[in-house]
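> My questions concern the predicted model and sequence given below.
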Amino acid sequence: MSSSLFDQIRGQCAWVAGQGRSVRINDDRIRPYAESLLDASAAPAQLDPAHHYVGHGPDTIAFILTLDTVNFGSGYFPHLRKRPGLSGYFTVASSLNDHFIEQGPLSAERLAGMTPQACTHLFRQEPVNEVSAELMALFANAFNDLGRLILDRFGGSFVGLVEAAGESAEELIQILAAMPFFRDVQPYQGREVPFYKRAQLTAADLALAMRSEPAGRFRDLNRLTIFADNLVPHVLRMDAVLDYDVPLLERIERQDLIAPGSSEEIEIRACAVHAVERIREELATLGKSVTSVELDYLLWNRGQGAAYKAQPRHRCRCVFY
């Protein structure tokens, strides 16, 4: 990866958006949509202490790195045994938070030896079903990768991993991308399209969790793109910024799985990234300066509304979101 990683993400996603066959950006919606957001505001981004182990210095760094290592599985979540009233993500976060509160952080050694059975117990999935068992095996694999990386390169120190990034979100992404489940780069029509959704989110989460601490300072945080998953594209589609072709939309409405790495899946994510970049640029011409991440938070919060939840979004069983 070069020093212009964020430009690569934006450039390749713009290229995919120009090639798209199943997903398109409605050009005539960009300016009015940007105008509709001029007075919009989301609640200040923060991590809820009810679900996140914040305020504990180095142990909070360990929590964020550990959580974001398994911050995937949205395609599996319909089969996950969820806590009452909580989504799949908050079920996972709350279970990990409980462990940190009751037993302390998972050490690098513990992560390196984590088994699917241990994950099943940690995330309270007994008795496990076939689909959630597959997810627990992926969680164990991800934990193993993180534990080995921290042991091999950073002397077992979570703080050491973050400090090695030198206050650069791009460098943190490069470090995390040594783990396959963070290496979110997809082939499309002979090109490699980078997203790095979870690696970018890890930098943003560390900044939120460690607001006044050096470990949360990244001088290039404003260069992050949106965190390309399945919710922001869903919001943009329902708001008529994105247009899906009929066969794809019918599959999503039937709640059929979209294959990871398929052209449709890549177009959904890339078009969402590029659409938000265009909205951000349009807002700038209208006198409102906003980052892509701030727009991501705003649109993510919008997606919690009943109207958006009432319609299916695309589901993909992968390790990137």
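It's in.

> Please make it C-alpha for all contacts and neighbour counts, starting now.
Will do.

> For residue 240, give its distance to residue 288.
22 Å (Cα to Cα, to the nearest Å).

> ugh, typo on my part, it should be residue 41
12 Å.

> If you count neighbours, what's buried in stretch 252-260?
The neighbour-count check on stretch 252-260 (16 or more other Cα atoms under 10 Å) flags 252, 258, 260 as buried.

> repeat for stretch 154-166
154, 156-159, 161-163, 165-166.

> That one: end-to-end distance?
Span of stretch 154-166 from end to end, Cα to Cα: 14 Å.

> if we look at it, which residues are touching it?
58, 61-62, 65, 107-109, 147, 150-151, 171-172, 175, 215 (Cα atoms under 8 Å, 6 or more residues apart in numbering).

> could you redo the last one with a cut-off of 7 Å?
58, 61-62, 108, 150, 171-172, 215 (Cα atoms under 7 Å, 6 or more residues apart in numbering).

> okay, residue 46: pLDDT?
At residue 46, the pLDDT value in this model is 87.

> roughly how far is stretch 244-262 from the heart of the chain?
20 Å (Cα atoms, centre = their mean, to the nearest Å).

> Residue 284: neighbour count?
14 (other Cα atoms under 10 Å).

> Tell me which helix or strand it sits in.
helix 263-285 (DSSP states H and E).

> Quick one: mean pLDDT over the helix or strand just after that helix.
Where DSSP H and E defines the elements, the next helix or strand beyond helix 263-285 is helix 292-302. Averaged over helix 292-302, pLDDT sits at 96.

> before we move on, the earlier item: which two from the buried residues of stretch 154-166 end up farthest apart in space?
Taking Cα to Cα, the two most distant members of the buried residues of stretch 154-166 are 156 and 166; they sit 18.0 Å apart.

> picking that back up, if we go by neighbour counts, what in the helix holding residue 284 is buried?
263-283.

> same deal with stretch 129-139?
Result for stretch 129-139 [16+ other Cα under 10 Å]: buried residues 132-133, 135-139.

> do the same with stretch 309-321
Those would be 312-321, for stretch 309-321 by 16+ other Cα under 10 Å.

> model confidence over the lengthiest helix in the chain, on average?
What stands out as the longest helix in the chain, according to DSSP state H, is helix 130-154. In this model, helix 130-154 has a mean pLDDT of 98.

> going forward, begin numbering at 33 instead of 1
Understood, numbering begins at 33; the last thing we discussed is helix 162-186.

> picking that back up, in helices only, show me the buried residues of stretch 284-292.
Among the buried residues of stretch 284-292, DSSP H puts residue 284 in helices.

> Which of the buried residues of stretch 284-292 sits closest to residue 334?
Among the buried residues of stretch 284-292, and counting by Cα to Cα, the member closest to residue 334 is residue 284, at 19.8 Å.

> just to revisit the earlier point, what residues does the helix holding residue 316 touch?
42, 45-46, 48-49, 52, 54-57, 62-63, 66, 220, 257-258, 260-261, 264-265, 290-291, 321-324.

> got the angle between it and helix 324-334?
Counting by axes from the mean of the first three to the mean of the last three Cα atoms, to 10 degrees, helix 295-317 lies at 110 degrees to helix 324-334.

> picking that back up, between residue 73 and residue 320, who's got more neighbours?
Shown here are residue 73 and residue 320; by other Cα under 10 Å, residue 320 has more neighbours (16 against 13).

> for the more buried one, phi and psi?
phi -110, psi 120 (degrees, to the nearest 10).

> one step back: which one of the buried residues of stretch 284-292 is nearest to residue 125?
Nearest to residue 125 among the buried residues of stretch 284-292, with distances taken as Cα to Cα, is residue 292, at 23.9 Å.

> looking at it, the closest one is touching residue 351, isn't it?
No. If you go by Cα atoms under 7 Å, residue 292 and residue 351 don't touch, sitting 9.2 Å apart.

> one step back: secondary structure, distance to residue 117 and pLDDT for the buried residues of stretch 341-353 - can I get that in TSV?
Formatted as TSV, those follow (DSSP: H, G, I helix; E, B strand; the rest coil; distance: Cα to Cα, whole Å; pLDDT from 0 to 100):
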residue	secondary structure	distance to residue 117	pLDDT
344	coil	18	97
345	coil	19	97
346	coil	21	98
347	strand	20	97
348	coil	23	98
349	coil	23	98
350	coil	24	98
351	coil	24	98
352	coil	24	98
353	coil	21	98
